[in-house]
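[1] Show me the folded form of this:
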Amino acid sequence: MSKETILIVDDEEDIIELIKYNLKTEGYMVLTAQTGEKAIQIARQSQPDLMVLDLMLPGIDGLEVTRYLRNHEMTRDLPIVMLTAKGEEADVVTGLELGANDYISKPFSPKVLVARIRSILRRRSKGDDSADKIRQEGSMTIDRARHIVSIEGERIDLTLSEFELLSFLSDKKGWVFTRSQIVDAIHGENYAVTERSIDVIIVGLRKKLKQYASHIETVRGVGYRFKE
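    Residues are numbered from 1 along each chain as shown. Okay, the predicted model is just below:
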């Protein structure tokens, strides 16, 4: 059975070869790019199943690539795993806010990266097979199959992380979850992310949900819940 196609974007040839070798060993097909411009071109033409994207690139950097992809219909749902250098926490938060799905810091374990990629692709596959694909909250509709949220028939432009967070909380109305539990639920166990990034996603989500923003409640000292 054929595996998914992964696009690796990095300006360091040795990093590309390391990731490429480990992905091919797991049966994935691999595409590569060494610039942001080339990454965008390949993403649009080949429509890979996931992109591994270095933030520090010549020309258009990884954040600009992410912003471009999320603003275009053809690539808006492409899963993105960011590669970052240590000390780039601000860029990590920005990347997650723009819609990246996950990140891993250099130097990294190839096995951990492959596990992150497998987890993201598995969650997307499970989402397609979900029996309970549509949730209705008043005039807000959450369509898991198509990854679309609409309010009064108008589509709300959410990042993948915002959509997954909203879906998770709305599935268990009234339950309170810590930031760590939310991270595990929407990104998988042992996801190396700061608690601040969850707060950033929540802030962005509330802005977009308009009159439904108050449905996501902050429980001080604990975390968040979806109002019953």
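[2] Now stretch 108-126: buried residues?
    The neighbour-count check on stretch 108-126 (16 or more other C-beta atoms under 10 Å) flags 108, 113-114, 116-117, 119-121, 123-124 as buried. C-beta here means a position set from N, CA and C on the backbone, and glycine is covered the same way.
[3] Make a markdown table out of those and add distance to residue 159.
    A markdown table is the format used below for these (distance: C-beta to C-beta, whole Å):
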| residue | distance to residue 159 |
| --- | --- |
| 108 | 23 |
| 113 | 21 |
| 114 | 24 |
| 116 | 17 |
| 117 | 18 |
| 119 | 18 |
| 120 | 14 |
| 121 | 18 |
| 123 | 15 |
| 124 | 14 |
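[4] How about the residue nearest the centre of the chain: what's its closest non-neighbour residue?
    Centroid-nearest residue in the chain: residue 101, 1.8 Å away (criterion: C-alpha atoms, centre = their mean). Nearest non-adjacent residue to residue 101, counting by C-beta to C-beta, 6 or more residues apart in numbering: residue 79, 4.8 Å away.
[5] need the strands for the chain, in chain order.
    Using DSSP state E, the strands assigned to the chain run over residues 5-9, 29-33, 50-54, 80-85, 102-106, 134-137, 140-143, 148-151, 154-156, 177-178, 216-219, 223-226.
[6] Could you chop the protein up by domain?
    According to automatic domain parsing, the chain comprises the domains 5-127, 131-226.
[7] Among the ones you listed, show me which one is buried the most.
    Across those, the average number of neighbours (mean count of other C-beta atoms under 10 Å) peaks for domain 5-127, which reaches a mean of 18.
[8] rewinding a little: which of the domains of the chain comes out lowest on mean pLDDT?
    Ranked by mean pLDDT, the domains of the chain bottom out at domain 131-226, with a mean of 82.
[9] For residue 221, give its distance to residue 228.
    20 Å (C-beta to C-beta, to the nearest Å).
[10] Run the chain-centre distance for stretch 110-125.
    A distance of 12 Å separates the centroid of the chain from that of stretch 110-125, by C-alpha atoms, centre = their mean, to the nearest Å.
[11] what residues are up against the nearest residue to residue 226 once chain neighbours are set aside?
    Spatial nearest neighbour of residue 226, excluding adjacent residues (C-beta to C-beta, 6+ apart): residue 169 at 3.9 Å. Contact analysis of residue 169 by C-beta atoms under 8 Å, 6 or more residues apart in numbering lists 177, 182, 216, 224-226.
[12] nearest to residue 41, of those?
    residue 182 (34.9 Å; C-beta to C-beta).
[13] got the contact list for that closest one?
    165, 168-169, 198, 223-224.
[14] and if we set it to 7 Å?
    165, 168, 198, 223-224 (C-beta atoms under 7 Å, 6 or more residues apart in numbering).
[15] of all those, which comes closest to residue 14?
    residue 198 (33.4 Å).
[16] Surely that closest one and residue 179 touch.
    Yes: Residue 198 is within contact range of residue 179, at 4.4 Å (criterion: C-beta atoms under 7 Å).
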